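Asks: I would like the atomic coordinates for the input below:
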Amino acid sequence: MLPSWGDMLFQLFAFIILMLLVTRFALRPVMNTMEERQNYIENQISEAEKQREEAEKLLKEQQELLDKARVEAKEIIERAKQQKEKEAEAIIADAQERAERMIKEATAEIGREKERALAELRNEVGHLSVLLASKMIEKELDEKEQSKLINQYLNQVGEMQ
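Replies: Next comes the predicted model:
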């Protein structure tokens, strides 16, 4: 049994009306919602891309600033090392100068003390020579006694030194 033309037309008419109703009340709102959702997602993707580009730009700027800060830190460290070396050299030079000055002063003091000691020794030798001569004149000594007296005199001079 084949359906009749009337039933087929009724079914076709009911289908078209149903399609119009579905299109108007269901499909258009769903399509509008889908289009709004698509626009929202596209906007979100666009915003995310803009934010990513901005973040990359900021990251690049931060990296450049960090590199610049590292270079400046290296320069500061290098200047500090150079300053330290200059100060160390100055301190060493000053210490060497002081040491040389102290050595010169000590050498001069030793020289003066030596001259003073020699002058005292000369005075003492002169005094003892005069004493010896006077004793020799007082005594008319023979050679043996004269040798004994000279040895005694030399021993006294040796004890003084």
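
Asks: any weak-confidence spans in the chain?
Replies: 1-3, 135-143, 146, 159-161 (pLDDT under 70).

Asks: let's see 90
Replies: 1-9, 11, 19-33, 114-161 (pLDDT under 90).

Asks: just the helices in it please.
Replies: Using DSSP state H, the helices of the chain run over residues 5-22, 28-138, 143-160.

Asks: in JSON lines: these, plus mean neighbour count.
Replies: All C-beta atoms are positioned from the backbone trio N, CA, C, and that covers glycine. Output for the helices of the chain, formatted as JSON lines (neighbours: other CB atoms under 10 Å):
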{"stretch": "helix 5-22", "mean neighbour count": "10"}
{"stretch": "helix 28-138", "mean neighbour count": "10"}
{"stretch": "helix 143-160", "mean neighbour count": "11"}
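
Asks: list the contacts of the residue most central in space within the chain.
Replies: Residue closest to the average C-alpha location in the chain (CA atoms, centre = their mean): Ile77, at 4.8 Å. Counting by CB atoms under 8 Å, 6 or more residues apart in numbering, Ile77 touches no other residue.

Asks: what's the distance between Ser129 and Leu121?
Replies: Ser129 sits 12 Å away from Leu121, going by CB to CB, to the nearest Å.

Asks: and for Gln38?
Replies: 121 Å.

Asks: same question, Leu59
Replies: 91 Å.

Asks: same check, this time on Ala55
Replies: 96 Å.

Asks: which residue comes closest to Leu128 once chain neighbours are left out?
Replies: Tyr153 (6.0 Å; CB to CB, 6 or more residues apart in numbering).

Asks: the one you found and Val130 touch, don't they?
Replies: No - using CB atoms under 8 Å as the test, Tyr153 is too far from Val130 to be in contact (11.5 Å).

Asks: now do the shared contacts for those two.
Replies: In contact with both Tyr153 and Val130: no residue, using CB under 8 Å, 6+ apart.
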